[in-house]
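Undergrad: This is a predicted model, with the sequence first.
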Amino acid sequence: MTTKLLTALLLGTSILGSAGVAYAEDVTLNIESWRGDDLAIWKDKLIPAFEAKNPGIKVVFAPSAPTEYDAALGAKLAAGSAGDLITCRPFDKSLELFKKGNLTDLSALPGMENFSPVAKAAWQTDDGKASFCVPMASVIHGFIYNKDAFDKLGIKVPQTRDEFFAALDKIKADGTYIPMAMGTKDLWEAATMGYQNIGPNYWKGEDGRAALIKGEQKLTDKGWVAPFEELAKWKSYLGDGFEAQTYPDSQNLFTLGRAAIYPAGSWEIGLFNTQAQFKMGAFPPPVEKAGDTCYISDHTDIGMGLNAASKHADAAKTFLSWVASPDFATIYANALPGFFSLNSSPVKMEDPLAQEFVSWRGKCKSTIRSTYQILSRGTPNLENETWVQSANVINGTVTPEDAAKKLQAGLDSWYKPAK
Amino acid sequence: MAAETRPKRPIRWHIGIFLAPAVLVYTAIMILPLAGTLQLSLFRNIEQHQIFVGLENFRTLFGDPNWSVGFWNALRNNTWFFIIHMLVQNPIGVMLAALLSSPRLRFAAFYRTAIFVPTILSFVIVGFAWKLILSPLWGVAPHLLDLVGLKSLFTPWLGKEEYALTALSLISVWQFVGIPMMLIYAALLSIPEEVIEAAECDGITGLSQFWKIKLPLILPSIGIISILTFVGNFNAFDLIYTAQGALAGPNYSTDILGTFLYRAFFGFQLQVGDPNMGAAIATMMFLIILGGVCVYLFLVQTRLRRYQF
């Protein structure tokens, strides 16, 4: 008797339960991403903010490991099981997905007008006609310094290159601090925090980058060799045994207060804020003479696109328009200091260090890393070679001219600029 | 007449049946992938289609300086890696085994285990631990050298082009010295007492006993170890990858065939992987190892004298 009642009850609930689903019919959108670090921010801040405004659309953030992301995404797209929204790597990896028909053309998406052409460049076809991802965030290069150390030694924040090297000399002469925390062991530090950090001031940002792609300039020209010459001078200001110093070593040297200046990317801000026990400041790459136009590397890093096979394309577009809105930009930029919104409308940020970085956008001209668009499609790969040669230049095993010659020769072997 | 005298032999099905499991498994997990790699190396991806191009990939690998310089560099480094192992790892392994098999040694089991432990450690741990030990910032190596007044000898070995590969080879030797030690140890133990006693009766003892009696008896084992070292070294990848990264810095000075293959096949950072060129490199590695093993089998092993007891 009791079992019968129980069965009836269970049956009843199951019918009711399914009926409930049938009535509400929520659309669930899945986001593919490699940013597992951001899981909490998405779950606690971004998604609730969106769902509150758009009832009926549920969003699930489903990240995979950064090193596995591209392979896993490719397999899922091929099998048709990928999420509706796809976090986009900049440039060729996403372009390839678009060409294969995995990503939808979003040029006409409401909200895309909020972004500048430079911001959109990372997710456009080479002719700039179709955009396929909404730009989310960029990282800015510059130098983070130990404010306490600067105060103690009476050093002013350097504006020009001469002041910069004078400051380094002063720190070195004093001996309390290692002047600059950088190593060449992991290679990419030398290229990303070194060459791409100080380079835009020499090659005049976007002008030089576009000229290089068009073939009007060569890597052996003055503007492209000069940053290597400056890097070669850095050698004497780095710590003992910098040749075997890894990226985490450099981070630790700086956050432990043993080094005064850290050639940085803004993504460090979050970590440094929690680890460093001293006051920090930041300055953009110094220019040659006071008053010169300054250029900064404001590198587009993350975007979001729409899976062409998505069954809920309309809901996904609603979400993407929200990602393109200032609302999203404000939450995102404050939750992740150092990842700056690419939105044209200014975003209010709380973190002072992040504010300092983003303030350079107002007085300097933005560009992206020179090797990322188009120029790293062939073999030898220009980006990877730049890592190796930048490290060689700092190690002093290659002269700046030879390094530039090697890079240009490698590029010439496969890249024929459109005439 | 002949047909009448020869008894009619039934087909021996059982041979095939008994061989089948091993043959099937081996075919599925070894022969098919190998054939797949060889096949892949003859194709090229042209506008999303795999097109048969014959030996074109190999022509690129050896004819295009962008590839050939990297390949020869990797092969040269790999050979040096192997030479260090042959000159350091195997003699030390033999020496340790000889010491361990000495009946007067106490705590032999402890030493044996302690020396063998690094072999079972993960490459990731070994690479990371040694990176820390040799670190100029926090490593113990500079401090230890300082204690004995030799601080001036310290350089950031892993970051210098001229030392990095040798340093890594020695780390690998440290990790794997247990394997030759164990194999030789087993071979030494299997030398019968009578032979040793006979030698002692003839007045051959101590070191000369090792050189004149034991070493010739364990030569076949040393041969096996050499070939295992050869195959292992030319397939090596993990240690370089964990310690130096896929670009095998500084300036490709620690690039070996394994890391070169990895970059070509899977790509790295902005470099998009090219499975076809990767397969061509894998094929070359296969041929190099095959060649080395053949040289050993046909030239060396046939001349080694076997002693049956």
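TA: Now that the structure is in, tell me what you want to look at.

Undergrad: So which residues of the stretch 101-250 of chain A form helices?
TA: Ranges of helices in the stretch 101-250 of chain A, per DSSP state H, counting those that start in this stretch, are A:117-120, A:147-153, A:161-174, A:188, A:196-203, A:205-214, A:222-234, A:247-255.

Undergrad: For residue 222, which residues are in contact?
TA: Since you didn't name a chain, this refers to chain A. Each residue near A:Lys222 by Cβ atoms under 8 Å, 6 or more residues apart in numbering or on different chains is listed here: A:Tyr202. Heads up, the C-betas are built off the backbone N, CA and C, glycines and all.

Undergrad: I was thinking of chain B, sorry if that wasn't clear
TA: If a contact means Cβ under 8 Å, 6+ apart, then B:Ile222 has B:Asn90, B:Val94, B:Ile184 as its contacts.

Undergrad: rewinding a little: give me whichever of the helices of the stretch 101-250 of chain A is most buried.
TA: helix A:196-203 (a mean of 26; mean count of other Cβ atoms under 10 Å in any protein chain shown).

Undergrad: how far does it sit from the chain's center?
TA: In terms of Cα atoms, centre = their mean, to the nearest Å, the gap separating the centre of helix A:196-203 from the centre of its chain is 17 Å.

Undergrad: Check stretch A:282-296 too.
TA: For stretch A:282-296, the distance to the chain centre is 21 Å (Cα atoms, centre = their mean).

Undergrad: Also stretch B:42-58?
TA: Relative to its parent chain, stretch B:42-58 has a centroid offset of 31 Å by Cα atoms, centre = their mean.

Undergrad: okay, how far is it across it, tip to tip?
TA: End-to-end span of stretch B:42-58 (Cα to Cα, to the nearest Å): 8 Å.

Undergrad: before we move on, the earlier item: which of the helices of the stretch 101-250 of chain A sits closest to B:Ala167?
TA: Relative to B:Ala167, the nearest member of the helices of the stretch 101-250 of chain A by Cβ to Cβ is helix A:247-255, separated by 17.1 Å.

Undergrad: name the element the residue nearest the centre of chain B belongs to?
TA: By Cα atoms, centre = their mean, the mean C-alpha position of chain B lies nearest to B:Gly232, the distance being 1.7 Å. Here B:Gly232 sits within helix B:215-234, counting by DSSP states H and E.

Undergrad: Now the element after that helix, going C-ward?
TA: Next along the chain after helix B:215-234, taking DSSP H and E as the criterion, comes helix B:238-244.

Undergrad: which strands and helices sit next to the next helix or strand along the chain from that next one?
TA: Remark: after helix B:238-244, the chain's next helix or strand is helix B:257-266, criterion DSSP H and E. Judged by 3 or more Cβ pairs under 8 Å, 6 or more residues apart in numbering or on different chains; DSSP states H and E, helix B:257-266 is in contact with helix B:65-84, helix B:238-244, helix B:275-295.

Undergrad: between helix B:257-266 and helix B:215-234, how many degrees?
TA: Interaxial angle, helix B:257-266 versus helix B:215-234 (axes from the mean of the first three to the mean of the last three Cα atoms, to 10 degrees): 30 degrees.

Undergrad: which other residues reach helix B:257-266?
TA: With Cβ under 8 Å, 6+ apart, helix B:257-266 has contacts from B:70-71, B:74-75, B:78, B:234-238, B:240-241, B:246-248, B:268, B:271, B:273-275, B:277-279, B:281-282, B:284-285, B:288.

Undergrad: Could you rerun that using 7 Å?
TA: B:70-71, B:74-75, B:78, B:234-237, B:240-241, B:246, B:248, B:271, B:273-275, B:277-278, B:281-282, B:285 (Cβ atoms under 7 Å, 6 or more residues apart in numbering or on different chains).

Undergrad: do the same with stretch A:337-351
TA: So stretch A:337-351 is in contact with A:114-116, A:119, A:135, A:137-140, A:266-270, A:300, A:326, A:329-330, A:332-334, A:354-355, A:358, going by Cβ under 7 Å, 6+ apart.

Undergrad: which bits of chain A sit near chain B?
TA: A:92, A:184-187, A:239-241, A:243-245, A:249, A:253, A:372, A:376, A:379-381, A:383-384, A:387-388, A:391-392, A:395, A:397, A:410, A:413 (Cβ under 7 Å from any Cβ of the partner chain).

Undergrad: Mark which of the residues you listed are buried, thanks.
TA: Listed as buried from the residues of chain A next to chain B are A:92, A:184-187, A:239, A:241, A:243-245, A:249, A:253, A:372, A:376, A:379-381, A:383-384, A:387-388, A:391-392, A:395, A:397, A:410; burial here means 16 or more other Cβ atoms under 10 Å in any protein chain shown.

Undergrad: just how off-centre is whichever strand or helix holds B:Val126 within its chain?
TA: Using DSSP H and E, B:Val126 falls within helix B:123-133. Here helix B:123-133 is found 19 Å from its chain centre; the criterion is Cα atoms, centre = their mean.

Undergrad: Report the mean confidence score over the following helix or strand past that helix.
TA: Next in sequence after helix B:123-133, counting helices and strands by DSSP H and E, comes helix B:140-147. Helix B:140-147 shows a mean pLDDT of 88.

Undergrad: Next secondary structure element downstream of helix B:140-147?
TA: helix B:164-176.

Undergrad: Just confirm yes or no for that next one near chain A.
TA: No - Helix B:164-176 lies apart from chain A when judged by Cβ under 7 Å from any Cβ; the minimum separation is 8.7 Å.

Undergrad: looking at the helices of the stretch 101-250 of chain A, which has the lowest confidence?
TA: helix A:117-120 (a mean of 84).

Undergrad: counting contacts, what elements does that one pack onto?
TA: If contacts are counted by 3 or more Cβ pairs under 7 Å, 6 or more residues apart in numbering or on different chains; DSSP states H and E, helix A:117-120 sits against no helix or strand.

Undergrad: any idea how far chain B is from A:Val27?
TA: 33 Å (Cβ to the nearest Cβ, to the nearest Å).

Undergrad: about what we covered before: for chain A, find the nearest of the helices and strands packed on helix B:257-266.
TA: Among the helices and strands packed on helix B:257-266, helix B:65-84 comes nearest to chain A, with 5.2 Å by Cβ to the nearest Cβ.

Undergrad: just the angle between that closest one and helix B:257-266, please?
TA: Using the same axes, to 10 degrees: helix B:65-84 against helix B:257-266 is 150 degrees.

Undergrad: and helix B:65-84, how far out from the chain's middle?
TA: Using Cα atoms, centre = their mean, the offset of helix B:65-84 from its chain centre is 15 Å.

Undergrad: what about that helix, average pLDDT?
TA: Average pLDDT, helix B:65-84: 94.

Undergrad: what's in contact with it?
TA: Identification of contacts with helix B:65-84 by Cβ under 7 Å, 6+ apart yields A:379-380, A:410, A:413, B:60-62, B:165-166, B:169-170, B:173, B:229-230, B:233-234, B:236, B:252, B:254-257, B:260.

Undergrad: What of stretch A:275-284?
TA: Contacts of stretch A:275-284 (Cβ under 7 Å, 6+ apart): A:142-148, A:157-158, A:255, A:257, A:272, A:294, A:296, A:353, A:356-357, A:360, A:364.

Undergrad: and those, which of them are in strands?
TA: A:Gly142, A:Phe143, A:Ile144, A:Tyr145, A:Asn146, A:Cys294, A:Ile296, A:Cys364 (DSSP state E).

Undergrad: picking up where we left off before, could you identify the buried members of the contacts of helix B:65-84?
TA: Looks like the contacts of helix B:65-84 have A:379-380, A:410, B:60-61, B:165-166, B:169-170, B:173, B:229-230, B:233-234, B:236, B:252, B:254-257, B:260 buried, using 16+ other Cβ under 10 Å.
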